[in-house]
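>>> What follows is a predicted protein model with its sequence.
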Amino acid sequence: MNEHIILMARPPELGRVKTRLAATLGEDKALAIYCQLLNHTFDVLNEVGKSLTVFAAGNPQWFHDLGYNTIEQTDGDLGVRMEHAFASTFHKKSGAVIMLGTDCLELTEQHVKSALDCLTRMDVVLGPAKDGGYYLIGMKSHHRELFEEMPWSTDKLLEQTIKAIRRNSLSFGSISILRDVDIEEDLPERMRRITV
(Lines give C-alpha, C1' and ligand atoms only; values in the text may rest on other atoms or scores of the structure.)
Protein backbone atom coordinates (compact mmCIF):
# COMPACT_ATOMS: atom_id res chain seq x y z
CA MET A 1 0.00 0.00 0.00
CA ASN A 2 1.24 3.48 -0.87
CA GLU A 3 1.72 5.55 2.27
CA HIS A 4 2.27 9.27 2.70
CA ILE A 5 2.93 11.59 5.65
CA ILE A 6 1.78 15.19 6.03
CA LEU A 7 3.63 17.42 8.49
CA MET A 8 1.87 20.62 9.53
CA ALA A 9 4.63 23.03 10.58
CA ARG A 10 5.75 26.63 10.87
CA PRO A 11 9.18 27.95 9.91
CA PRO A 12 11.18 28.68 13.11
CA GLU A 13 10.65 32.44 13.32
CA LEU A 14 10.88 34.50 16.52
CA GLY A 15 7.48 35.50 17.85
CA ARG A 16 5.55 33.23 15.48
CA VAL A 17 5.94 29.81 17.16
CA LYS A 18 4.83 28.30 20.50
CA THR A 19 3.06 31.51 21.53
CA ARG A 20 1.55 29.92 24.65
CA LEU A 21 5.04 28.95 25.80
CA ALA A 22 6.34 32.40 24.91
CA ALA A 23 3.74 33.95 27.21
CA THR A 24 5.51 32.46 30.25
CA LEU A 25 9.05 31.72 29.02
CA GLY A 26 9.68 34.52 26.53
CA GLU A 27 9.93 34.42 22.75
CA ASP A 28 13.63 33.48 22.57
CA LYS A 29 13.20 30.41 24.77
CA ALA A 30 9.97 29.43 23.00
CA LEU A 31 11.80 29.53 19.67
CA ALA A 32 14.66 27.40 21.02
CA ILE A 33 12.17 24.82 22.30
CA TYR A 34 10.30 24.85 18.99
CA CYS A 35 13.53 24.19 17.11
CA GLN A 36 14.16 21.14 19.29
CA LEU A 37 10.61 19.88 18.69
CA LEU A 38 10.92 20.46 14.95
CA ASN A 39 14.29 18.70 14.73
CA HIS A 40 12.97 15.77 16.76
CA THR A 41 9.95 15.41 14.47
CA PHE A 42 12.10 15.46 11.33
CA ASP A 43 14.49 12.90 12.87
CA VAL A 44 11.56 10.55 13.56
CA LEU A 45 9.99 10.99 10.12
CA ASN A 46 13.31 10.57 8.34
CA GLU A 47 13.74 7.26 10.18
CA VAL A 48 10.26 6.15 9.08
CA GLY A 49 11.35 6.76 5.50
CA LYS A 50 7.95 7.35 3.91
CA SER A 51 6.97 9.98 1.35
CA LEU A 52 6.61 13.32 3.20
CA THR A 53 5.07 16.69 2.40
CA VAL A 54 5.43 19.68 4.71
CA PHE A 55 2.39 21.96 4.70
CA ALA A 56 3.93 25.19 5.94
CA ALA A 57 2.09 27.92 7.84
CA GLY A 58 3.86 30.90 6.34
CA ASN A 59 6.67 31.01 3.82
CA PRO A 60 7.40 27.43 2.68
CA GLN A 61 10.88 28.35 1.41
CA TRP A 62 12.62 27.46 4.71
CA PHE A 63 11.47 23.84 4.49
CA HIS A 64 12.02 23.72 0.74
CA ASP A 65 15.64 24.76 1.30
CA LEU A 66 16.06 21.71 3.56
CA GLY A 67 15.05 19.51 0.66
CA TYR A 68 11.48 18.71 1.70
CA ASN A 69 8.50 18.74 -0.64
CA THR A 70 6.67 21.80 0.72
CA ILE A 71 3.28 23.42 0.14
CA GLU A 72 1.95 26.57 1.80
CA GLN A 73 -1.08 25.99 4.03
CA THR A 74 -4.35 27.50 2.91
CA ASP A 75 -6.05 30.30 4.87
CA GLY A 76 -8.63 29.53 7.54
CA ASP A 77 -8.87 27.91 10.95
CA LEU A 78 -6.99 24.75 11.86
CA GLY A 79 -9.75 22.47 10.61
CA VAL A 80 -9.88 24.18 7.21
CA ARG A 81 -6.10 23.97 6.87
CA MET A 82 -5.95 20.31 7.89
CA GLU A 83 -8.82 19.32 5.61
CA HIS A 84 -7.22 21.16 2.70
CA ALA A 85 -3.90 19.37 3.27
CA PHE A 86 -5.61 15.97 3.24
CA ALA A 87 -7.70 16.87 0.17
CA SER A 88 -4.63 18.08 -1.72
CA THR A 89 -2.69 14.94 -0.86
CA PHE A 90 -5.44 12.50 -1.76
CA HIS A 91 -5.95 14.36 -5.03
CA LYS A 92 -2.35 13.51 -6.01
CA LYS A 93 -1.77 10.20 -4.24
CA SER A 94 -3.58 6.98 -3.40
CA GLY A 95 -3.11 4.95 -0.22
CA ALA A 96 -2.96 5.74 3.47
CA VAL A 97 -2.14 9.29 4.60
CA ILE A 98 -1.26 10.33 8.13
CA MET A 99 -0.90 13.87 9.45
CA LEU A 100 0.95 15.15 12.46
CA GLY A 101 2.36 18.37 13.85
CA THR A 102 5.56 19.33 15.62
CA ASP A 103 4.38 19.41 19.26
CA CYS A 104 5.10 15.86 20.41
CA LEU A 105 8.51 15.23 21.96
CA GLU A 106 7.46 11.67 22.93
CA LEU A 107 6.83 10.69 19.30
CA THR A 108 8.93 7.79 18.01
CA GLU A 109 9.37 5.96 14.74
CA GLN A 110 7.34 3.09 16.17
CA HIS A 111 4.31 5.32 16.83
CA VAL A 112 4.23 6.40 13.19
CA LYS A 113 4.68 2.83 11.95
CA SER A 114 1.91 1.64 14.28
CA ALA A 115 -0.41 4.27 12.83
CA LEU A 116 0.37 3.16 9.28
CA ASP A 117 -0.13 -0.48 10.26
CA CYS A 118 -3.49 0.38 11.83
CA LEU A 119 -4.64 1.79 8.49
CA THR A 120 -4.21 -1.61 6.85
CA ARG A 121 -7.25 -2.66 8.89
CA MET A 122 -9.14 0.55 9.74
CA ASP A 123 -10.53 3.59 7.90
CA VAL A 124 -9.09 6.09 10.40
CA VAL A 125 -6.33 6.11 13.01
CA LEU A 126 -5.88 8.57 15.88
CA GLY A 127 -2.93 9.32 18.13
CA PRO A 128 -4.61 10.66 21.29
CA ALA A 129 -2.93 13.44 23.24
CA LYS A 130 -3.11 13.66 27.02
CA ASP A 131 -4.77 17.09 26.77
CA GLY A 132 -7.88 15.67 25.08
CA GLY A 133 -6.82 16.40 21.51
CA TYR A 134 -4.75 14.30 19.15
CA TYR A 135 -1.17 14.50 17.87
CA LEU A 136 -1.80 12.32 14.80
CA ILE A 137 -4.68 11.52 12.50
CA GLY A 138 -4.63 9.26 9.48
CA MET A 139 -7.07 7.84 6.94
CA LYS A 140 -7.25 5.73 3.79
CA SER A 141 -9.55 8.13 1.93
CA HIS A 142 -10.64 11.72 2.35
CA HIS A 143 -13.25 12.38 5.07
CA ARG A 144 -14.01 16.10 5.14
CA GLU A 145 -16.57 15.64 7.91
CA LEU A 146 -13.86 14.90 10.50
CA PHE A 147 -12.69 18.52 10.31
CA GLU A 148 -15.98 20.40 10.24
CA GLU A 149 -17.26 22.26 13.34
CA MET A 150 -14.70 20.71 15.67
CA PRO A 151 -13.67 22.25 19.03
CA TRP A 152 -10.05 22.91 18.04
CA SER A 153 -7.51 23.50 20.84
CA THR A 154 -9.86 22.18 23.52
CA ASP A 155 -10.02 19.03 25.62
CA LYS A 156 -13.13 17.93 23.68
CA LEU A 157 -11.45 17.52 20.29
CA LEU A 158 -10.66 13.80 20.50
CA GLU A 159 -14.11 12.97 21.88
CA GLN A 160 -15.91 14.95 19.14
CA THR A 161 -13.71 13.50 16.41
CA ILE A 162 -14.53 9.96 17.53
CA LYS A 163 -18.23 10.86 17.50
CA ALA A 164 -17.89 12.11 13.92
CA ILE A 165 -16.07 8.91 12.93
CA ARG A 166 -18.86 6.76 14.38
CA ARG A 167 -21.59 9.00 12.94
CA ASN A 168 -20.16 8.33 9.49
CA SER A 169 -19.89 4.57 10.08
CA LEU A 170 -16.11 4.51 9.77
CA SER A 171 -13.84 2.04 11.53
CA PHE A 172 -10.99 3.45 13.58
CA GLY A 173 -8.11 2.51 15.80
CA SER A 174 -5.90 4.36 18.28
CA ILE A 175 -2.20 4.26 19.01
CA SER A 176 -0.37 5.33 22.19
CA ILE A 177 -1.53 8.32 24.22
CA LEU A 178 1.28 10.91 24.24
CA ARG A 179 1.85 14.38 25.64
CA ASP A 180 1.86 17.43 23.38
CA VAL A 181 4.04 20.39 24.36
CA ASP A 182 1.77 23.44 24.48
CA ILE A 183 2.45 25.13 27.81
CA GLU A 184 5.35 25.26 30.27
CA GLU A 185 3.93 22.46 32.42
CA ASP A 186 4.16 20.07 29.42
CA LEU A 187 7.94 20.44 29.18
CA PRO A 188 10.32 17.80 30.50
CA GLU A 189 12.72 19.21 33.08
CA ARG A 190 15.69 19.23 30.71
CA MET A 191 13.83 21.53 28.30
CA ARG A 192 12.74 23.91 31.04
CA ARG A 193 16.44 24.55 31.69
CA ILE A 194 17.19 25.59 28.09
CA THR A 195 19.19 28.81 27.99
CA VAL A 196 19.29 31.17 25.03
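Ah, there it is. A quick note: this is a predicted structure, and the numbers were derived from the prediction, not measured.

>>> any weak-confidence spans in this structure?
1, 195-196 (pLDDT under 70).

>>> what's the longest helix in it?
Secondary structure of the chain per DSSP state H: the longest helix is helix 27-48.

>>> now the helix or strand just after that one, how far from the chain's geometric center?
Scanning forward in sequence from helix 27-48, with DSSP states H and E defining helices and strands, the next element found is strand 51-56. Put simply, strand 51-56 sits 11 Å off its chain's centre (CA atoms, centre = their mean, to the nearest Å).

>>> Next, the residues that contact the next helix-or-strand element following strand 51-56 from outside, please.
Next helix or strand after strand 51-56 toward the C-terminus (DSSP H and E): helix 61-65. If you take CB atoms under 8 Å, 6 or more residues apart in numbering as the criterion, helix 61-65 is touched by A9, P11, P12, V54, A56, T70. (C-beta placed from N, C-alpha, C; glycine too.)

>>> The same query, at a cut-off of 6 Å, please.
With CB atoms under 6 Å, 6 or more residues apart in numbering as the test, helix 61-65 has contacts from P11, V54, A56, T70.

>>> who's the third one bridged to?
Beta-bridge pairing of A56, defined through DSSP bridges, involves A9, E72.

>>> OK, contacts around it?
Per CB under 6 Å, 6+ apart, neighbours of A56: F63, T70, E72.

>>> In JSON lines: those residues, plus distance to Q110 and neighbour count.
JSON lines is the format used below for these (distance: CB to CB, whole Å; neighbours: other CB atoms under 10 Å):
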{"residue": "F63", "distance to Q110": "25", "neighbour count": "24"}
{"residue": "T70", "distance to Q110": "26", "neighbour count": "21"}
{"residue": "E72", "distance to Q110": "31", "neighbour count": "14"}
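
>>> ok, those vs H4, which is closest?
T70 (14.1 Å; CB to CB).

>>> Which of the three states applies to that closest one?
strand (DSSP: H, G, I helix; E, B strand; the rest coil).

>>> Quick check: it touching L52?
No: with contacts counted by CB atoms under 6 Å, T70 stays clear of L52, the gap being 9.8 Å.
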